[in-house]
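# Got a predicted structure plus its sequence, pasted below:
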Amino acid sequence: MNIPQLTTQDGLVLPAVGFGTYKLNGALGVNAITSALAAGYRLLDTAYNYENEGAVGAALRQSPIDRSQIVVSSKLPGRYHHYQAALQAIQESLYRAGLDYYDLYLIHWPDPHQDLYVEAWQALITAQQLGLVKSIGVSNFLPEHIDRLIAETGVSPVVNQIELHPYFSQPKQRQYDQEHQIITWAWSPIGRASSLLQDPVIKGIAAEVHRSPSQVILRWETQLQVLPIPKSSHFQRQVENLQLFDFELSPAQMQTITNLDRPNGRLQNQDPAVYEEF
Ligand SMILES: NC(=O)C1=CN([C@@H]2O[C@H](COP(=O)(O)OP(=O)(O)OC[C@H]3O[C@@H](n4cnc5c(N)ncnc54)[C@H](OP(=O)(O)O)[C@@H]3O)[C@@H](O)[C@H]2O)C=CC1
Ligand SMILES: O=C(O)C(=O)[C@@H](O)[C@H](O)C(=O)CO
């Protein structure tokens, strides 16, 4: 499958759609991730807190695809934001996966009340210098958090992974990321299979373009220059969620979907200004 590519400000080449692995654990998880690689995914998103970096590593070893062809990304939990703890957690992440490097490593949440994310960022910078990770980024960071990282370390994240779907389309954060050459990734890009997939507006456009609701949403994200990371444990859906590049949404269809944005559109009210996850 021919997937377009995006290049980060430090030269990391990313496929325009990746594979989310939250809840894909154990042998069933390994099977689902192996199946995703067979379907054509070349970007895997995991996290220390998903407790499945081992499953990701096992799937990578089972796959005939060379490691160098796959972008593997993981995330640092809030309980390891102190510098030394963060460096050890990144090493532990690698041991769990059985990898000698991650292509990308993100701070999972800023946890602003704890206020250690700049220290965590300094550890990610060191991990990159040591070759443990090729590129570094953040997740769930607001402009004020990224401004501080840049002001205090001089190093910008290359990726910001945030909640983004038609009910929560994040225009301000997208604009900020774009102005700073940061690639925005969409987590829960199809709204975690909530009522979004049944939305009559989405279903109407899906009928117009002869695609599924999931494909319409993911295509809308890629046309916004956002990189979605849908998760599915089923091969057919994994394939469906990759088949996004042989059709196009018109400007009017794009705008109609963007208009679905709601002020309280988050799935679980996880506002990074106040939400903390450890
Ligand atoms: N950085 C962060 O804080 C966060 C990061 N993430 C990352 O983002 C990834 C994706 O988000 P996630 O929350 O998993 O939600 P998604 O929006 O990817 O939705 C996943 C759900 O949609 C179902 N599904 C997938 N494809 C289809 C389809 N074509 N038609 C109908 N249903 C479908 C899946 O079911 P089934 O598996 O049965 O097919 C699953 O229930 C995560 O896996 C994780 O890697 C997620 C949350 C927070
Ligand atoms: O899945 C993730 O990456 C998370 O950060 C979690 O917070 C997730 O959003 C969740 O559902 C927690 O209930």
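Done, it's in. Predicted model, so just to flag it, every value in this text is computed and none were measured. Numbers count the residues shown, from 1 in each chain. Ligands and ions are numbered 1, 2, ... in the order given.
# which parts of the stretch 151-278 of the chain sit against ligand 2?
Q268, Q270, E277 (C-beta under 6 Å from any ligand atom). C-betas here are computed from N, CA, C, even on glycine.
# can you put those residues in JSON lines and add neighbour count and secondary structure?
Output for these, formatted as JSON lines (neighbours: other C-beta atoms under 10 Å; DSSP: H, G, I helix; E, B strand; the rest coil):
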{"residue": "Q268", "neighbour count": "9", "secondary structure": "coil"}
{"residue": "Q270", "neighbour count": "14", "secondary structure": "coil"}
{"residue": "E277", "neighbour count": "14", "secondary structure": "coil"}
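# can you list these in CSV and add pLDDT?
Shown next, in CSV, are those (pLDDT from 0 to 100):
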residue, pLDDT
Q268, 95
Q270, 97
E277, 97
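# Report the closest residue of the chain relative to ligand 2.
The nearest approach of the chain to ligand 2 comes at Y22, 4.4 Å away (C-beta to the nearest ligand atom).
# Around that residue, how many other residues sit close by?
16 (other C-beta atoms under 10 Å).
# Which residue, other than its chain neighbours, is closest to it?
Nearest residue to Y22, sequence neighbours excluded (C-beta to C-beta, 6 or more residues apart in numbering): Y50, at 5.5 Å.
# For the chain, just list every one of the helices.
26-39, 53-62, 83-97, 117-129, 143-153, 171-179, 200-209, 213-223, 235-240, 251-258 (DSSP state H).
# highest average neighbour count across these?
Among the helices of the chain, ranked by average contacts under mean count of other C-beta atoms under 10 Å, first place goes to helix 213-223 (a mean of 23).
# Hmm, I202 and I190 touching each other?
No. Using C-beta atoms under 8 Å, I190 is not in contact with I202; the gap is 9.7 Å.
# what sits in contact with each of the two?
Listed as contacting both I190 and I202 by C-beta atoms under 8 Å, 6 or more residues apart in numbering are L196, P213, I217.
# Quick check, R266 in contact with E163.
Yes. Counting by C-beta under 8 Å, R266 does reach E163; the two are 6.0 Å apart.
# could you redo the helices of the chain as TSV and give each row mean pLDDT?
Shown next, in TSV, are the helices of the chain (pLDDT from 0 to 100):
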stretch	mean pLDDT
helix 26-39	98
helix 53-62	98
helix 83-97	98
helix 117-129	98
helix 143-153	98
helix 171-179	98
helix 200-209	98
helix 213-223	98
helix 235-240	98
helix 251-258	98
